[in-house]
Structure formats: C-alpha cells, structure tokens
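Colleague: have a look at this prediction, sequence included:
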Amino acid sequence: MVECITLPYYADNTYYFDVLYNRTMAVLLDSCHAQGSSGRYDIMSAQPYCTLTHWGDHTDVKLDNKTYQRYDDPFSLMQEYLQPKTPTVDNLPFCGGALGFFGYELAWRLENFPSMNANEWRAPEMVMGLYDWALIVDHHLKKSTLVAQHRHHETKGRITQLVSLWKTPATKNTIKPQHVTLQPDISKDTYEKAFNTIKKHIYAGDCYQANLSQRFTGSFNGNSWSLYQQIRQQNPAPFAAYLNYDDFTVLSISPEKFITVRDDQVITQPIKGTRPSHPKGNHVYRPEARRRIRPARSIS
C-alpha cells in the first residue's frame, strides 16, 4: 500500500530539508529552484530501513540493526532487497526504493582494469539506502507530496513526526558563509603533458573523445549543509544532490541528466557526447533498436 499526503508547496526546498539534513543518511536530489526547463522535481528522504555499502569484494548489508557481509554481485543484491517491486503513482518520479551513489571504482565489478590505481578516496565504491518514504516537490505542478510504502514498522511514526514538524510556518533560512581553499592534486605541467598525450591519441585515431579530469582537495570549517546551500546559490544546477553519510558527505552540482530509463525507453541527454546532435537535444532508444548502437572507444 502506498500512502500519499499533500503538503504545502515551497519553491525553496530548504524549508523541508532543514528538518532532515542531519538525520541518518539524509539525501536530497535537488533541482535548485527548478532553474530552466530541465529541473522539475526535488526528492528527499532519510533514515533508510536497509543499507548496502560495497567495499572491494564484499557488500555490508545492514537490516534491522544487524549487519551481514555478502559477496554477491552488488547490483543483484540491490534487486534482491528491493523486492517486491514498488508500486508507481502518477506524476511522482519516486515512491520509495534505492537512493545513493556509485563510485568509479564500482566498475571493477563489471570490467577488469589492471592499470587503474587503488581506491585512494578510502570511501565505499557504492552506498545505497533503501528508503520507505520520500518527499517529492514538483515545481511544475507546484505541489509537495509525502509518499510512503509502509514496508517498515517504524515508517508510520516517522511520517507522523515529520508532518508535525513541517506544520510550523516556513522561516527565512540563514546561510552562514563558508570559506573553502582548494588545491589541485597534480601540477599544471603534469596536466598539460596528459592533455598533449590525449591529442596524440586522437590524431592517431585511437579515440575521438577522452575525459581528462583532476582532483582538488581542501578544507573548510563549518556545516556541510550550509556549504551546499552556498554553492547552489552561486551555481544552481538542475541535477544537484546532497548525500549525508556517517563518515563523509557528497555535495554534487551537475547541469547534466545523463540517462533516464522509463518502461521500454532509454533517454540520454549528455552535454558532451559521442553521437551526432539531435534536433530536440536528446536521443530516444528502444530495446529493439539497441543492436544498432555502436559503443564509443575512449581512453582516460
């Protein structure tokens, strides 16, 4: 059974997430005030009933305050613990289920990359929470909906508590400015050499696109939620995210919706791409046409 509760609509989702951000594994998928035509929904939740954390060759599964170590494929584990399938509700993109992140190193579970370095980030390759409820803010319909599956016995009490907290009239959220100092992990000369190497590969026909990236490290004193709000004010993006975990927090500001899968359609909308431009700016592929898609060759 899926329960839907209509709540007041606020264009600024921080009113709702201020109540959630410091709760266990709080997550916000943020359209940043629906800037432009791409942003529509904000999805937020916290306190998942099950978590799957993948490290190297195993996944720690935490369920009902017990932790199990599983060596199965992490994607198959997600499918296992998501059963039975979540019912859908019209105009709601999410009615409960898995929210989290996949790290780049998770690709080692699918392919063999012997030349890649070890996971220097010292964080899990995957963290997924299975959430029994979520608040969906639809900026097109100007509607806020609290949706719950009631798979877990604690969901009813949490919903009652949240609705009570959110009945308090909205107040202006004050953001404390955060100062962050960032330093690149590689030198300018090293970056230029890598750039020139990629150009040689392109001229040689080895590839026609490469993603040359680098990592910056830094520090700041303050609250990560305040820092995220400061970033989204300076650089709002329709596919941003705030993921709060025990030992680290993920702050993501992205203008790109890379892929969407709905029923029998796969829609890609990358900003940089390896396929010819489409008049409408996206590509729609159906399963029966997949054999006509040739994968791109790339190096990194």
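Modeller: Yes, it's here.
Colleague: make it CA atoms for all contacts and neighbour counts henceforth
Modeller: Will do.
Colleague: what bridges to residue 182?
Modeller: residue 218 (DSSP bridges).
Colleague: neighbours of it, how many?
Modeller: 12 (other CA atoms under 10 Å).
Colleague: contact partners for it?
Modeller: 216, 217, 218, 219 (CA atoms under 8 Å, 6 or more residues apart in numbering).
Colleague: in a markdown table: these, plus neighbour count.
Modeller: Formatted as a markdown table, these follow (neighbours: other CA atoms under 10 Å):
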| residue | neighbour count |
| --- | --- |
| 216 | 10 |
| 217 | 10 |
| 218 | 9 |
| 219 | 10 |
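Colleague: ok, these vs residue 202, which is closest?
Modeller: residue 216 (26.5 Å; CA to CA).
Colleague: give the burial count for residue 239, as a bare number.
Modeller: With other CA under 10 Å as criterion, residue 239 counts 22.
Colleague: go on, residue 64?
Modeller: Close neighbours of residue 64, defined as other CA under 10 Å, add up to 9.
Colleague: so in terms of bridging, what pairs with the residue lying closest to residue 224 once chain neighbours are set aside?
Modeller: Distance criterion CA to CA, 6 or more residues apart in numbering; nearest residue to residue 224, sequence neighbours excluded, is residue 249 at 7.4 Å. Counting by DSSP bridges, residue 249 is bridged to residue 244.
Colleague: going forward can the numbers begin at 20, since that is how I track them
Modeller: Sure, I'll start counting at 20 from here, so that last one is residue 268.
Colleague: residue 117: neighbour count?
Modeller: That count, for residue 117 with other CA under 10 Å as the rule, works out to 21.
Colleague: and if you look at residue 89?
Modeller: Neighbour tally, residue 89, other CA under 10 Å: 15.
Colleague: please name the residues that touch it.
Modeller: By CA under 8 Å, 6+ apart, the residues touching residue 89 are 77, 78, 79, 80.
Colleague: from those residues, which two are the most distant?
Modeller: Counting by CA to CA, the most remote pair of the contacts of residue 89 is 77 and 80, 9.6 Å apart.
Colleague: more crowded one of the two?
Modeller: Legend: neighbour count by other CA under 10 Å for residue 77 and residue 80, higher for residue 80 (21 against 14).
Colleague: per-residue confidence at that one?
Modeller: Note on residue 80: pLDDT of 96.
Colleague: how much space between the most far-flung residue of the chain relative to its centre and residue 231?
Modeller: Residue distances from the centre of the chain (CA atoms, centre = their mean) peak at residue 223, which lies 36.3 Å from the mean C-alpha position. Applying CA to CA, to the nearest Å, the value for residue 223 to residue 231 is 18 Å.
Colleague: does residue 270 count as helix, strand or coil?
Modeller: Here residue 270 is recorded as strand under DSSP: H, G, I helix; E, B strand; the rest coil.
Colleague: contacting residues for it?
Modeller: Each residue near residue 270 by CA under 8 Å, 6+ apart is listed here: 247, 259, 260, 261, 262.
Colleague: now the last one: how far from residue 143?
Modeller: When you say that, I think you mean residue 262. 13 Å.
Colleague: quick check: phi and psi at the residue farthest from the centre of the chain.
Modeller: phi -80, psi -10 (degrees, to the nearest 10).
Colleague: what's the spacing between it and residue 216?
Modeller: For residue 223 relative to residue 216 (CA to CA), the value is 11 Å.
Colleague: cool, and residue 43?
Modeller: 44 Å.
Colleague: domain ranges for the chain?
Modeller: 22-199+239-274, 201-234, 278-319 (automatic domain parsing).
Colleague: just name the most buried of those domains.
Modeller: domain 22-199+239-274 (a mean of 16; mean count of other CA atoms under 10 Å).
Colleague: now the end-to-end length of that domain.
Modeller: Length of domain 22-199+239-274, first residue to last, CA to CA: 32 Å.
Colleague: how far does it sit from its chain's centre?
Modeller: With CA atoms, centre = their mean, to the nearest Å as the basis, domain 22-199+239-274 stands 7 Å off its chain's centre.
Colleague: for the chain, which element, helix or strand, carries the lowest mean pLDDT?
Modeller: Every helix and strand of the chain was ranked by mean pLDDT, DSSP states H and E. The lowest is strand 302-304, at a mean of 47.
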